[in-house]
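K.L.:
next comes the sequence, and after it the predicted model I'd like to discuss.
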Amino acid sequence: MKDTDAADFDSLLPAAHLDRRGFVATLGAAGFALAVQPVMAQSVIATPAEGLDQGTAGIPSGGDALPAYFARPTGKRDLPVVLVVQEIFGVHEHIRDVARRLAHLGYLAIAPELYFRQGDPSRIENIPDILSGIVSKVPDAQVLADLDACAAWAGGQNGDPARLGTTGFCWGGRITWLYAAHNPALRAGVAWYGRLGGTPGDNTPRHPIDVAGALHAPVLGLYGGQDQGIPLADVEAMREALKKAGSGSEIVVYPDAPHAFHADYRPSYRKAEAEDGWKRLTEWFARHLG
């Protein structure tokens, strides 16, 4: 697998400089999901793979081979494990880069393709089609079982499943909360702007607010005060539910940040808030995973 360095992003100019077909082809070649255009080339973080073992694997799960990207420091054993849960766009370049960042910190990072049975969101060019054609068809129970399979697989990959953490973004932020209530072996989670409430459905019977009193591990929630999709009332309700439960979880709100403020490839990126959130993540995992 070729790793992308900063120079590769110089060609990701605003769409006005390319016809649509050319821009989409360039976006795909750089490893980003097609629906995220335009990519903000000037702010993209490109983490090198030097010193890492990284690549793809098929992880046994439910009779299937679950595709996943992994990264870990070369030559190290008994590594704490972090499951990286994708945005709605799947495991594209940004999620792989996050996995490499975690690997450089000393973790075995595993980013599974959690939609693979329902479709490939990286090849779809607009968000509404991803939501209706793929995301709405993915059962939470399937996702949680796939994450369990990744945790089990880590034990044979120089990982220590007894030191298990998870982090997720947007759709994956919601899953991070749910996984903390699902897996008793989890030691810590970091949820980036994951939806907290909603109407129960067949595939999504519970939401984070429903499981706030049943978390097996403390979760650090990172949210934007200007997020148009997650009301601050929901964030405050989650805070109160966690407090009532005596949870060790914490929620941080960045008042001026929008949704997806950590996504360095998108116009929503906010450098100061993203860097502060990443610092908090590293401290959270260091404290809880060792």
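P.N.:
Everything's here; your move.

K.L.:
next up, phi/psi of the closest residue to Val135 other than its chain neighbours, please.
P.N.:
Spatial nearest neighbour of Val135, excluding adjacent residues (Cβ to Cβ, 6 or more residues apart in numbering): Ile88 at 5.6 Å. All C-beta atoms are positioned from the backbone trio N, CA, C, and that covers glycine. The phi/psi pair for Ile88 (degrees, to the nearest 10) reads phi -60, psi -20.

K.L.:
quick check: pLDDT value at Arg21.
P.N.:
Looking at Arg21, its pLDDT reads 43.

K.L.:
so what pLDDT did Gln37 get?
P.N.:
Each residue has a pLDDT score; the one for Gln37 is 82.

K.L.:
shift numbering so it begins at 57
P.N.:
All right, first residue 57 from here; so that's Gln93.

K.L.:
how close does it get to Glu169?
P.N.:
21 Å (Cβ to Cβ, to the nearest Å).

K.L.:
and what of Pro311?
P.N.:
34 Å.

K.L.:
any idea whether Val245 is helix, strand or coil?
P.N.:
Not Val; residue 245 is Gly. Assigned with DSSP: H, G, I helix; E, B strand; the rest coil, Gly245 falls in the strand class.

K.L.:
quick one: pLDDT of the residue nearest to it when sequence neighbours are not counted?
P.N.:
Excluding the flanking residues, the one nearest Gly245 by Cβ to Cβ, 6+ apart is Val275, at 4.1 Å. We have a pLDDT of 98 for Val275.

K.L.:
quick one: low-confidence parts of this protein?
P.N.:
Along the chain, segments meeting pLDDT under 70 span 57-85.

K.L.:
longest helix anywhere in it?
P.N.:
helix 327-345 (DSSP state H).

K.L.:
for that one, give me every contacting residue.
P.N.:
99, 136, 138, 157, 161, 163, 219-221, 223, 243-244, 246, 248, 273-274, 276, 278, 280, 308, 310, 312-313, 317-318, 320 (Cβ atoms under 8 Å, 6 or more residues apart in numbering).

K.L.:
for stretch 188-195, which positions count as buried?
P.N.:
Burial within stretch 188-195, assessed by neighbour count using 16 or more other Cβ atoms under 10 Å, is assigned to 190-191, 194.

K.L.:
over to stretch 334-346?
P.N.:
334, 337, 340-341, 344-345.

K.L.:
out of those, who's nearest Ala236?
P.N.:
Checking the buried residues of stretch 334-346 against Ala236 by Cβ to Cβ gives His344 as the nearest, at 11.3 Å.

K.L.:
before we move on, back to that, could you list which of the buried residues of stretch 188-195 belong to strands?
P.N.:
Among the buried residues of stretch 188-195, none falls in strands (DSSP state E).

K.L.:
how many other residues sit next to the residue lying closest to Arg133 once chain neighbours are set aside?
P.N.:
Take Arg133 and drop its neighbours on the chain: the residue closest to it by Cβ to Cβ, 6+ apart is Asn214, 4.8 Å away. Residues near Asn214, counting by other Cβ atoms under 10 Å, number 17.
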